[in-house]
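S.K.: for reference, the sequence and a predicted model appear below.
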There are 4 protein chains.
Amino acid sequence: MKALFLNCTLKKSPRVSNTRALIDKVAAIMEGLGVETEVLRVVDYDIAFGVSSDEGGGDQWPLVYEKIRAADIIVVATPIWFGVRSSLAQLVMERLDGSYADGDPKTGQYPLYGKVAGVIVTGNEDGAHAAAATTLFNLSHLGCVVPPNCDCYWVGDAGPGPSYIEAGGGQHMYTNKTARFLAHNVVYMAGLMRENPLPTNIRKLTEEARAESRDTCPVRHGEGA
Amino acid sequence: MKALFLNCTLKKSPRVSNTRALIDKVAAIMEGLGVETEVLRVVDYDIAFGVSSDEGGGDQWPLVYEKIRAADIIVVATPIWFGVRSSLAQLVMERLDGSYADGDPKTGQYPLYGKVAGVIVTGNEDGAHAAAATTLFNLSHLGCVVPPNCDCYWVGDAGPGPSYIEAGGGQHMYTNKTARFLAHNVVYMAGLMRENPLPTNIRKLTEEARAESRDTCPVRHGEGA
Amino acid sequence: MKALFLNCTLKKSPRVSNTRALIDKVAAIMEGLGVETEVLRVVDYDIAFGVSSDEGGGDQWPLVYEKIRAADIIVVATPIWFGVRSSLAQLVMERLDGSYADGDPKTGQYPLYGKVAGVIVTGNEDGAHAAAATTLFNLSHLGCVVPPNCDCYWVGDAGPGPSYIEAGGGQHMYTNKTARFLAHNVVYMAGLMRENPLPTNIRKLTEEARAESRDTCPVRHGEGA
Amino acid sequence: MKALFLNCTLKKSPRVSNTRALIDKVAAIMEGLGVETEVLRVVDYDIAFGVSSDEGGGDQWPLVYEKIRAADIIVVATPIWFGVRSSLAQLVMERLDGSYADGDPKTGQYPLYGKVAGVIVTGNEDGAHAAAATTLFNLSHLGCVVPPNCDCYWVGDAGPGPSYIEAGGGQHMYTNKTARFLAHNVVYMAGLMRENPLPTNIRKLTEEARAESRDTCPVRHGEGA
């Protein structure tokens, strides 16, 4: 099984990333559980803004997207800026919007259907819950399974201050505990989903829904409607 | 299998609840899949504010809590007020904070561990994503598994307007489609989790984490620290 | 000038409230600036769930609402539970929905128009930005002016831990600094708004908007539409 | 007086932007009130990821930042993607983090202190409240005054569907009404703030706070602490 960590730090390699430091901790636990891990720093790629799977003109999103499609476990790791996830984490989600168009011909399941999601958040003050909740919810929309306790975060107390590495966050009990919960639950669920793939037929259920629906006024406020 | 729907409308019975109307649609699909369903209107109970499992003095939370513990599937259904979930949905979460104290003696797993979560949201304007994301994330912290596409919502367009029933939301294609996705995914995952319970040993992993942690300054800003 | 602090703790008097401790700090600074302050603990009142200004049957919201209407400055103070504001803070907002119906006969301005808002948040881990952002935004919808740096919060670092009082939060630099920013900015703006009330004519602007609008399909998905 | 609209659409010029269409409506109302307006499409600039005011290497943020500093009114306009503001809106905020370092030598006030904020949001389904709340809160941290009813948004009903232009959103009553509220309130407040600048002395208040604070354990979990 493969786990892909998308590091959404704003800093290009080889600058030190606090988020990476926490990723390494979680990845090591997963490796111990027999999972192959890969860390990808999104900002090192030249990814276009947009919502399709290939925006052309040298867009490097297809390279990232391919790795996402090949993984069993996807962990989005983001720093907090202004109380929410980073612009690069948001960029990743926007580009994954294109995956809805790549559904399975038979079932309509999107490419991320049945993959398992996790999230890692670091910041020096506040916003971990918001960043994690938004990200896991988005991933569930895209098809991922969200296990219990699959978020691991570190933040300092109120206001700006030292970040994860400098503050010795590696010794913080709560973060170390949830790093383990995340790794164990995500790996277990990924094995389970591989053995027991979701049978949901998106196409068939959509047809059923169409039969009881009637959008009588699709262009609602137009002149000629 | 049993599914419990917690209707967090602000209106007491027998007032008409838009949220209930959408619950009924989802519950009927689940019944068709062989699941026993129950709908509980939270505001009809006399539930104390607090964060324990029994606040005493006639607190009726224990009645609700018992039903939650007996269910395989928990669907929190909430109207939107001011862009977020209702005070009653928040109250339910606050009271579930008490469940952390009721962990399994051996594994430490909380009472909701391995149950499957879903969410239903209705409103006349905006806020469904925020209400759903926060609620599913909270439920994942409490131990629930969050399947893909397990939220179903209806909102009208920008600004106040007619609600679900009056607006004919029952015929809205997107809502009818996601009602099916929610029901099918939640029911499948609940069966899977029953057959393959999460083995996570919260106690053991916590002990492991303790060994590498050192909270050198637990009372951080105190006079004598 | 009068400032009203709405303490949205879950704990009834006389239980010790961490949120109250931080309120007291901010209120003392405001008193020093010549403002009369009052602290109201919402949970001590018997307030009905609902969205009108009087739900009847002994509903004590009208007592709170009257104090809100008489104040120049409104500070909503809330603990964090599950990453967001408390059920009681949400309850206050829901009940203020009723104020939209009490607009000035001439201008249509809602009762809170031109009052000045602030927010105080305490928690032991994370969620202050989310709680403050949602609350200030809601208050701006209700008519309040939101000055710069009008939120003051204290949280500990990642995960559960000691709360504001026990952790010695009263000595936390960032919180003490923002307590002053909040008090000074809110008091200055309240004086300014009293001298220079917003001239916005909600009624007239609404009529203007109507002239360029055409909701051609108000009941959008109904059977007979 | 000058108003700057930051269009945070993902689409480069000259592609049609729904967000731009709503900006134009609000800008026209402001022009009618005697305000000079400028619209800047953020994605057309080559802006680096980061949190300083100049990331070097051809970074074009300084061009945008200069315009922001010269404006009296700043309106952030964003589409919704995955229930929240766009990656470009987030990028703008991250870069504005650098402005904290450019405080006035005497008062310490940040460059945006006393400017007036507004927000415009468009999307085809849901998330306007979340996008607006986060953005206005961030701008208040940076120093902006947030007037009442200074957000204007358009979204369609639940699920994907036609966007603002195609759906005839220009005729939507609620959006047209709030476009006026936004323009009138923001312009009035900008005039007021220009005549009556905030006197807050950030430096002095920070010193006062320092006197009552004692961060006894600044590096909290470090090895040698």
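M.R.: Happy to help now that I have it.

S.K.: and stretch A:4-24, anywhere near chain C?
M.R.: No - Stretch A:4-24 lies out of reach of chain C by C-beta under 8 Å from any C-beta of the partner chain, never closer than 10.5 Å. C-betas here are computed from N, CA, C, even on glycine.

S.K.: that stretch spans what distance, first to last residue?
M.R.: Taking C-alpha to C-alpha, to the nearest Å, the first and last residues of stretch A:4-24 lie 12 Å apart.

S.K.: now swap in stretch A:40-51 and tell me
M.R.: Taking C-alpha to C-alpha, stretch A:40-51 runs 20 Å from one end to the other.

S.K.: ok, now which ones touch the most centrally placed residue in chain A?
M.R.: Centroid check for chain A by C-alpha atoms, centre = their mean gives residue A:76 as the closest residue, at 3.8 Å. By C-beta atoms under 8 Å, 6 or more residues apart in numbering or on different chains, residue A:76 lies in contact with A:6, A:8, A:89, A:92, A:117, A:118, A:119, A:120, A:135, A:139.

S.K.: out of those, which is nearest to chain C?
M.R.: residue A:120 (11.8 Å; C-beta to the nearest C-beta).

S.K.: which one is the closest one nearest to, not counting chain neighbours?
M.R.: Sequence neighbours aside, residue A:77 is the residue nearest to residue A:120 in space, at 3.9 Å (criterion: C-beta to C-beta, 6 or more residues apart in numbering or on different chains).

S.K.: beyond the host helix or strand of the one you found, next helix or strand please.
M.R.: With secondary structure defined by DSSP states H and E, residue A:77 is part of strand A:73-81. Note on strand A:73-81: by DSSP H and E, the next helix or strand toward the C-terminus is strand A:84-85.

S.K.: contacts for that next one next, please.
M.R.: Strand A:84-85 has contacts (C-beta under 8 Å, 6+ apart) with A:8, A:78, A:121, A:127, A:130, A:131, A:134, A:135, C:129, D:84, D:90, D:134.

S.K.: what about 10 Å?
M.R.: A:8, A:76-79, A:90, A:92-93, A:119, A:121, A:123, A:127-128, A:130-135, A:138, C:129-130, C:133, D:84-85, D:87, D:90, D:93, D:130, D:134, D:138 (C-beta atoms under 10 Å, 6 or more residues apart in numbering or on different chains).

S.K.: tell me how far that strand is from the chain's mean position?
M.R.: In this view, strand A:84-85 has its centroid 13 Å away from the chain centroid, taken as C-alpha atoms, centre = their mean, to the nearest Å.

S.K.: what is the orientation angle of the helix or strand harbouring residue A:188 with helix B:173-195?
M.R.: Assigned by DSSP H and E, residue A:188 belongs to helix A:173-195. Here helix A:173-195 points in a direction 100 degrees away from that of helix B:173-195 (axes from the mean of the first three to the mean of the last three C-alpha atoms, to 10 degrees).

S.K.: helix A:173-195 versus strand A:73-81: what angle between them?
M.R.: Using the same axes, to 10 degrees: helix A:173-195 against strand A:73-81 is 150 degrees.

S.K.: mean confidence for helix A:173-195?
M.R.: On average, the pLDDT along helix A:173-195 is 98.

S.K.: kindly export it (C-alpha atoms) in PDB.
M.R.: Taking Å, rounded to 0.1, in the frame of the first residue of the first chain, the C-alpha atoms of helix A:173-195 are listed here in PDB:
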ATOM      1  CA  MET A 173       2.200  14.600  23.900                       C
ATOM      2  CA  TYR A 174      -1.100  15.400  22.200                       C
ATOM      3  CA  THR A 175       0.500  15.700  18.700                       C
ATOM      4  CA  ASN A 176       2.500  12.500  19.200                       C
ATOM      5  CA  LYS A 177      -0.600  10.700  20.300                       C
ATOM      6  CA  THR A 178      -2.700  11.800  17.400                       C
ATOM      7  CA  ALA A 179       0.100  11.100  14.900                       C
ATOM      8  CA  ARG A 180      -0.200   7.400  16.000                       C
ATOM      9  CA  PHE A 181      -4.100   7.400  15.800                       C
ATOM     10  CA  LEU A 182      -3.900   9.000  12.300                       C
ATOM     11  CA  ALA A 183      -1.400   6.400  11.000                       C
ATOM     12  CA  HIS A 184      -3.000   3.400  12.500                       C
ATOM     13  CA  ASN A 185      -6.600   4.300  11.500                       C
ATOM     14  CA  VAL A 186      -5.700   5.400   8.000                       C
ATOM     15  CA  VAL A 187      -3.700   2.200   7.300                       C
ATOM     16  CA  TYR A 188      -6.300  -0.100   8.700                       C
ATOM     17  CA  MET A 189      -9.100   1.500   6.700                       C
ATOM     18  CA  ALA A 190      -7.000   1.500   3.500                       C
ATOM     19  CA  GLY A 191      -6.500  -2.200   3.800                       C
ATOM     20  CA  LEU A 192     -10.200  -2.700   4.500                       C
ATOM     21  CA  MET A 193     -11.300  -0.600   1.500                       C
ATOM     22  CA  ARG A 194      -8.900  -2.400  -0.800                       C
ATOM     23  CA  GLU A 195     -10.500  -5.700   0.200                       C
END
